[in-house]
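>>> sequence-free structure coming up:
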Ligand SMILES: Cc1cc2nc3c(=O)[nH]c(=O)nc-3n(C[C@H](O)[C@H](O)[C@H](O)COP(=O)(O)OP(=O)(O)OC[C@H]3O[C@@H](n4cnc5c(N)ncnc54)[C@H](O)[C@@H]3O)c2cc1C
């Protein structure tokens, strides 16, 4: 019998992780390992993970760290023999721009929600009315009925009021997804928050449980385990290393070719033919590790349930990285950066465009230099694409002017870089989980598995996990 064949469409970290698992994972290939071909549309593997040279350092252009508590990324790094390259985050805490000043975020945040009443009562970044709303949640929690899913906004708005929701929680949770809490599904984006709200009673109290805290982004009190990791040559080195190992295993990696059709050929040895403009690859099974609308376009004609995946829209974001001489800048005394609520007023036209600032060389020791600092301004939300209409020069100037307000002192950067991710972050709207489940069940009937950040979480660990699970599913389907 001819050798089995699997095509992976999309060479981001999910597609590459899928290829790693298909080619034997930790143990490497064996006699039953299928032929694996990864097809990537752009001329670079890695998708949202990439590095470049900037101000004498290697920096990440996209994601710059991954959660340490979720096992998938750390496990893959170890399997690749790169444990020595893991770099733990070297700063904690952050600042919120609120009421015209910087305020250090209080202790006890879980998923961006305050759980320590005393800390929030003393937090000057919120009005006294908002702080009383937190007190009310602890003493006289509001009741709410929750069905199969709800938006994050619905829950936190009901429980903690408008100001805490939009000035405090949205910059944290919405910032990670580049989305709006009123649109994002609580069940899919912050399941611990959804579960806590379902249980009823005080949200703040419910989130104090260890299981909720362990899914949060804050360090447990007293724990010295790192919360985030990067890699010595940047997170963008992970897909590069992975690609090298995959080639050593005989996996075919193709770049600069887009898959434009999947054709069923049930009568032949291989039930699928995967088409690019110039080639056709026969396959027993296909893993689609592309953005969800591409899955809808390639496979939607087989079942309307799969076509619905086109509805998973993505938000764009831009990041402006700046290098500034020490003499030209003053930062808050510690912390990883600053969060800026949406609609923060701005002396110029409209509201502020910057949603967050990351102090890159505070986070990652390898980026530190004696005489200058590098920081990154994040721009863009699902409903704020103003950056798309700006040239790089206009965007950099606007960001510099806003940083001059947001930071204690900000002078002339000596180097700058704009990186745009027009469709970088999928938006999990209310009902996401059931939409994904239906599409998965349907595509499995055609020996197609879905992987990537559009389904089970947008972070790197979740993306790696989804790629590897898709591969195991396909191997299982082919062995039946
Ligand atoms: C600006 C930004 C910052 C982020 N920061 C963090 C962070 O700090 N920590 C964290 O954990 N996560 C972060 N993320 C999220 C994380 O980086 C991504 O979710 C993850 O890398 C997604 O990987 P993926 O393989 O699922 O998708 P992608 O990286 O999007 O890869 C999909 C690939 O499919 C290819 N493709 C599309 N159509 C076709 C086709 N027809 N044929 C062939 N190929 C096709 C695309 O070219 C692309 O390379 C960030 C994301 C962005 C955009």
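Cool, the structure landed. On a predicted model such as this, the values are computed, not experimentally measured, just so you know. Residues are numbered from 1 along each chain as shown.
>>> in the longest helix along the chain, what's buried?
The longest helix of the chain (DSSP state H) is helix 460-479. Residues of helix 460-479 classed as buried by neighbour count (16 or more other CB atoms under 10 Å): 460-471, 473-475, 478. Placement of C-beta: from N, CA and C, glycine included.
>>> Also stretch 376-395?
Those would be 376, 377, 378, 379, 380, 381, 382, 384, 386, 387, 390, 395, for stretch 376-395 by 16+ other CB under 10 Å.
>>> ok, which pair from these is furthest apart?
Spatial extent of these (CB to CB) is set by the pair 376 and 382 at 19.9 Å.
>>> wait, isn't residue 294 in contact with residue 288?
Yes - counting by CB atoms under 8 Å, residue 288 is a contact partner of residue 294 at 7.4 Å.
>>> list the contacts for residue 434?
148, 149 (CB atoms under 8 Å, 6 or more residues apart in numbering).
>>> swap that for residue 138, please
117, 202, 204, 205.
>>> What is the nearest of these to the ligand?
Of all the contacts of residue 138, the ligand sits closest to residue 204, with 26.6 Å by CB to the nearest ligand atom.
>>> is it true that that closest one lies in a helix?
Yes - with DSSP: H, G, I helix; E, B strand; the rest coil as the criterion, residue 204 is part of a helix.
>>> Now for the residue of the stretch 351-480 of the chain found nearest the ligand, which secondary structure element holds it?
Closest contact between the stretch 351-480 of the chain and the ligand, by CB to the nearest ligand atom, is at residue 424 (2.6 Å). Using DSSP states H and E, residue 424 sits within strand 413-426.
>>> Give me the buried positions along that strand.
Using 16+ other CB under 10 Å as the test for burial, strand 413-426 gives 413, 416, 417, 418, 419, 420, 421, 424, 425, 426.
>>> close to the ligand, is the helix or strand where residue 324 lies?
Using DSSP H and E, residue 324 sits within strand 314-325. Yes - Strand 314-325 lies within reach of the ligand by CB under 6 Å from any ligand atom, at 317, 319.
>>> next SSE after the worst-scoring helix or strand of the chain on mean pLDDT?
The helix or strand of the chain with the poorest confidence is helix 210-214; it has a mean of 59 (mean pLDDT, DSSP states H and E). Sequence-wise, the next helix or strand downstream of helix 210-214 (DSSP H and E) is strand 228-231.
>>> Check whether that next one comes near the ligand.
No - shown here: strand 228-231 not in contact with the ligand (CB under 6 Å from any ligand atom), separated by at least 7.9 Å.
>>> Tell me where the model's unsure across the stretch 1-150 of the chain.
Residues of the stretch 1-150 of the chain meeting the criterion pLDDT under 70: 1.
>>> Let's see that with 90 instead.
1-3, 111-112 (pLDDT under 90).
>>> Helices of that one, start to end?
Using DSSP state H, counting those that start in this stretch, the helices found in the stretch 1-150 of the chain span residues 13-22, 71-79, 117-121, 128-139.
>>> Can you tell me which of those helices is nearest to the ligand?
Of those, nearest to the ligand by CB to the nearest ligand atom is helix 13-22, at 3.5 Å.
>>> That closest one to helix 71-79, inter-axis angle?
If you take axes from the mean of the first three to the mean of the last three CA atoms, to 10 degrees, helix 13-22 sits at 60 degrees to helix 71-79.
>>> Who are the packing partners of helix 13-22?
The contact analysis (3 or more CB pairs under 8 Å, 6 or more residues apart in numbering; DSSP states H and E) places helix 13-22 against strand 5-9, strand 35-39, helix 71-79, helix 237-248, strand 285-288, helix 460-479.
>>> what about the helix or strand just after the fifth one, average pLDDT?
In this case it means strand 285-288. Next helix or strand after strand 285-288 toward the C-terminus (DSSP H and E): helix 292-299. Averaging pLDDT along helix 292-299 gives 96.
>>> Give the buried residues for helix 292-299.
Applying 16+ other CB under 10 Å to helix 292-299 flags 292, 293, 294, 295, 296, 297, 298, 299 as buried.
>>> What number of neighbouring residues does residue 405 come out with?
Using other CB atoms under 10 Å, residue 405 is surrounded by 15 other residues.
>>> what pLDDT does it get?
Looking at residue 405, its pLDDT reads 95.
>>> Kindly report the same for the one 4 residues further on.
What the model reports for residue 409 is a pLDDT of 96.
>>> when you give positions from now on, start the count at 724
That works, and once the first residue is 724, the last one we named lands at residue 1132.
>>> Which pLDDT does the model give the closest residue to it other than its chain neighbours?
The shortest distance from residue 1132 to any non-neighbouring residue, by CB to CB, 6 or more residues apart in numbering, is to residue 1053 (3.9 Å). pLDDT for residue 1053: 97.
>>> Now the helix or strand harbouring residue 1097: average pLDDT?
Secondary structure assigned from DSSP H and E places residue 1097 in strand 1095-1102. Across strand 1095-1102, pLDDT averages out at 98.
>>> Show me the strands paired with it, marking each as parallel or antiparallel.
Under the criterion DSSP bridges, strand 1095-1102 sits next to strand 1037-1048 (antiparallel), strand 1077-1081 (antiparallel) in its sheet.
>>> can you list the ones you listed in CSV and add mean neighbour count and mean pLDDT?
CSV is the format used below for the strands paired with strand 1095-1102 (neighbours: other CB atoms under 10 Å; pLDDT from 0 to 100):
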stretch, mean neighbour count, mean pLDDT
strand 1037-1048, 22, 96
strand 1077-1081, 23, 97
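>>> Could you dump those into a markdown table with distance to residue 1057 added?
Listed next are those as a markdown table, based on distance: least, CB to CB, whole Å:
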| stretch | distance to residue 1057 |
| --- | --- |
| strand 1037-1048 | 18 |
| strand 1077-1081 | 14 |
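>>> These: which one's closest to residue 1088?
That would be strand 1077-1081 among the strands paired with strand 1095-1102, by CB to CB, at 14.8 Å.
>>> outside of the helix or strand that that closest one is followed by, which residues touch it?
For strand 1077-1081, the following helix or strand on the C-terminal side (DSSP H and E) is helix 1083-1086. Residues from elsewhere that reach helix 1083-1086 (CB under 8 Å, 6+ apart): 782, 787-788, 812-814, 951, 953, 1044, 1054, 1057-1060, 1090-1092, 1096-1099.
>>> 10 Å instead?
Contacts with helix 1083-1086, where a contact means CB atoms under 10 Å, 6 or more residues apart in numbering, come from 777-778, 780, 782-783, 787-788, 810-815, 951, 953, 1044-1046, 1054-1055, 1057-1060, 1090-1092, 1095-1099.
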